[in-house]
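Colleague: the following comprises the amino acid sequence and a computationally predicted model.
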Amino acid sequence: MENKEKKQTRRKFFFKTATAAIGAISTAGIVTQSCKKKVEEGETVSLLSPDGTLVEVDKANISMAKMPAQGKEARAGIPNKKFVMVIDLARCRNARKCVTNCQKMHDLEPGDEWIKVFLMQDSNDTAPYWFPKPCFHCNQPPCVKVCPVGATYKRTDGLVLVDNERCIGCKFCMTACPYSSRVFQWKDPVHENQADHDYSPETSVPHKVGTVGKCDFCPDMARMGKLPTCVTGCPNGVIFFGDKNEDIVTNGTESFRFSELVYERAGYHFMAELGTEPNVYYLPPVDRLFDYKTGFKTLTNEQKEFYKKSIVKKH
Amino acid sequence: MDLDQKSTRTLNYFVPQMVTISKSGILQLSILILFIMGGFYALYIQIVDGHIVTGMRDNVVWGLYIANFIFFIGISYAGALISGILHLLRVEWRHPIIRIAEIITIISTIIGPAYILLCMGRLDRLHHLVLYGRIQSPIIWDVLAISTYLIGSIIFLYLATIRDLAALRDYPFKSKWRHTLYKFFAVNFNGNSKQNRYLERGLNIMSAIIIPLAVLVHSVLAWIFGMTLRPGWHSTIFAPYFVVAAVFSGTGVLIIALWVFRKYYHLESYITKIHFNYLGIILMILGALYAYFTFSEYLTSWYGSETWEMEVLYKLFDPHEYWWWFFFAAIVGVVVPILVILIPQFRSINSITAVSVIAVFALWVKRYLIIIPTLETPLLPLQDMRPEYIHYTPTAIEWLLTFAGVAMFCFLFFLFSKFLPIVSVVKGEEGTNYAELRKTVMQRIIKRT
Ligand code: SF4
Ligand code: SF4
């Protein structure tokens, strides 16, 4: 009992920016080579080990994992990882940088959004709030269950990816996903900077007409030791990304123990009753940094009207 | 093969119509072909430009095509259930209509799945279903069920036609190719008692197999929707509901087809009021059953009033959205046929056909209403600035392909009628054979014990 209370007191695990960034690197999968080859002594870097201590590692002993993975490797997942995302609704003011960053990175058309920001209101008596929503990378993903050809699949690191070279475009996954996470490529994609890319389900580009795409949690970035682009794009540090196995999540400037963050801040799953077991956790919009109206600032008048109408509709 | 008098008369009546085509026939045929060409043109555009030319978008990912798919598979019940059950029950009046029913089944089981293909984003990857097929997916169940069903129906039709093929083989046709064709398909059938017995046994087995198969096909189809976590779809009664709706529409189409052929080929002496009356009564019973399912489905979701279920219901009951369609599909399309058939004074060949048209059309609308309003109601709010992503409107391309499907249905029917008499010519002597069959089986059992 005492123990529990102690846990509930606000214990802040606050790493300094630099360490956190390195933490993120470690989180994301740099492979330390076993010292078979003789290497010259040289510079060292500090890395955060899985048990939370800082270790000095010789730079020459570090190699980047190959990225992005292709073929079988892209279906298997990054070893020993369990990616999670925590979204702090108290900080979101609809800056929409996650959306635009994602669109840029994944070469999406203006209206197509793999992460969307909804304006939500749970009841007429409660305040509206902004609700960024990527794919939840569910542990019981209905989309994977229904795919007739295994074009969408679950990996060991928790990611649900789409192989658009296998997808037959039946759109069954789109009707099966209860969270509207999937976006169809209705026409020939406009290739801009993607033409020279080799396709990998980890980058999700280039798109192919008649297939499905969706948020992929940027595993190609993870392999390079970087955070997903929505995380780094957010000016308010709303989105935290990390590894459940290492129990750490970071938004690039702050890092938290994942378990303590969701425990102390009453993290929850959106529509948990659907039994999909998402890997995205939400922190409820309490003690908010911004009034929800701030979120209208970035919008055109037309958009404002539109949002207002859409939340009044509630029955 | 020796034919009795009646069969010879039938044959002599049909053969001239099979080998000639009237002027108005040519005109009708060209209209059909025009529609089919229109469909191919639409298909070409859709393949070149992608699915952007349809009204489907990210929320409403399935549209007219899937509604047509369910509709045609529903119609296919005409043959499977009607002829299967009537055959097993040895209903005497089935003979003139069983061929038409079977042909409906086969044609619509071919056209229906074509709509699934139209709805697929990557037609060029169809072979992935074989390469990477996952048995966990209801789509694979569907593929397996429908192809089995189609093969089963073809076998059933073939067995039921073999006697006629033999008769046609022996008929002095002028053209040689017809002769070769019938000879090939008649597989040396000459109607001796042994052949008859085997044939009868095969027919019995096939009609017994085809009934559960038909039920399965439509159940699997319903499960594609029922298995998702969607308001208006995620319902346990979806499978039986679909099955009942399917037999209902199948019977309706059968009645319409009988009426058309009766007029077209002057079959008044073969297809009589009795057929319309009996089928009408079947239609009425099915209509009542279907109404019961509809009522039960919407009553439970309304009474339970979950937020999402209510959103779909509001759309169906909103006069600005789907109310009038819903009113037509769920109420007019059921009540009118039941009333007209129930009251003997109203019952006539024409009135029964008219209400069948209403019922069939209502069921098409119902399929539309099952798919579109649900897809327009995702669990997350629809905050998309692009109006076409919120509200589905079928485009000309989709309509063209829909009409082409109907035209194709009529066209294939026409083709069939040029190769086979639309009414079966030779009746089997199943009564005696059946008794004999029972006797031989009994003898074998006795021998073994
Ligand atoms: S959110 Fe939707 S698309 Fe993402 S894993 Fe879950 S069911 Fe699949
Ligand atoms: S659209 Fe593609 S990914 Fe989705 S279920 Fe069909 S084949 Fe699988």
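Modeller: Thanks, I have it. Ligands and ions are numbered 1, 2, ... in the order given.

Colleague: every contact and neighbour count from this point should use C-alpha atoms.
Modeller: OK.

Colleague: against A:Gly169, how distant is whichever residue of chain B sits closest to chain A?
Modeller: In chain B, the residue found nearest to chain A is B:Gly121; the distance is 3.9 Å by C-alpha to the nearest C-alpha. Distance, B:Gly121 to A:Gly169, by C-alpha to C-alpha, to the nearest Å: 4 Å.

Colleague: shared neighbours of the two, anything?
Modeller: Taking C-alpha atoms under 8 Å, 6 or more residues apart in numbering or on different chains as the criterion, B:Gly121 and A:Gly169 both touch A:Gly210, A:Thr211.

Colleague: isn't the residue of chain B closest to chain A right up against B:His51?
Modeller: Yes - judged on C-alpha atoms under 8 Å, B:Gly121 makes contact with B:His51 at a distance of 6.9 Å.

Colleague: so what sits against both of the two?
Modeller: Here B:Gly121 and B:His51 share the contacting residues A:Gly210, scored by C-alpha under 8 Å, 6+ apart.

Colleague: secondary structure class for A:Trp186?
Modeller: Three-state assignment for A:Trp186 (DSSP: H, G, I helix; E, B strand; the rest coil): coil.

Colleague: surely it is in contact with A:His207?
Modeller: No - counting by C-alpha under 8 Å, A:Trp186 stays clear of A:His207, with 10.5 Å between them.

Colleague: okay, the two: which has more neighbours?
Modeller: A:His207 (25 against 22; other C-alpha atoms under 10 Å in any protein chain shown).

Colleague: so which strand or helix has that one?
Modeller: Under the criterion DSSP states H and E, no helix or strand holds A:His207.

Colleague: pLDDT value on it, please?
Modeller: Per-residue pLDDT puts A:His207 at 91.

Colleague: not counting its neighbours along the chain, what's nearest it?
Modeller: A:Pro189 (6.1 Å; C-alpha to C-alpha, 6 or more residues apart in numbering or on different chains).

Colleague: verify the stated contact: that neighbour with A:Gly213.
Modeller: No - under the criterion of C-alpha under 8 Å, A:Pro189 is not in contact with A:Gly213, lying 11.8 Å apart.

Colleague: so what's in contact with those two at the same time?
Modeller: Counting by C-alpha under 8 Å, 6+ apart, the contacts common to A:Pro189 and A:Gly213 are A:His207.

Colleague: between these two, who's got more neighbours?
Modeller: It is A:Gly213, of A:Pro189 and A:Gly213, that has more neighbours when counted by other C-alpha under 10 Å, with 27 against 16.

Colleague: so which bits of the helix or strand hosting B:Ser207 are buried?
Modeller: Using DSSP H and E, B:Ser207 maps to helix B:193-226. Neighbour-count burial for helix B:193-226, with 16 or more other C-alpha atoms under 10 Å in any protein chain shown as criterion, is recorded at B:196-197, B:199-204, B:206-211, B:213-226.

Colleague: kindly report the same for stretch B:182-194.
Modeller: Buried, per 16+ other C-alpha under 10 Å, within stretch B:182-194: B:Tyr182, B:Lys183, B:Ala186, B:Phe189, B:Asn190, B:Gly191.

Colleague: so the first one belongs to a helix, correct?
Modeller: When you say that, I think you mean B:Tyr182. Yes - assessed by three-state DSSP, B:Tyr182 belongs to a helix.

Colleague: quick one: pLDDT of it?
Modeller: pLDDT, B:Tyr182: 91.

Colleague: that one touches B:Leu168, doesn't it?
Modeller: Yes - at 6.5 Å, B:Tyr182 and B:Leu168 qualify as touching, with contact defined as C-alpha under 8 Å.
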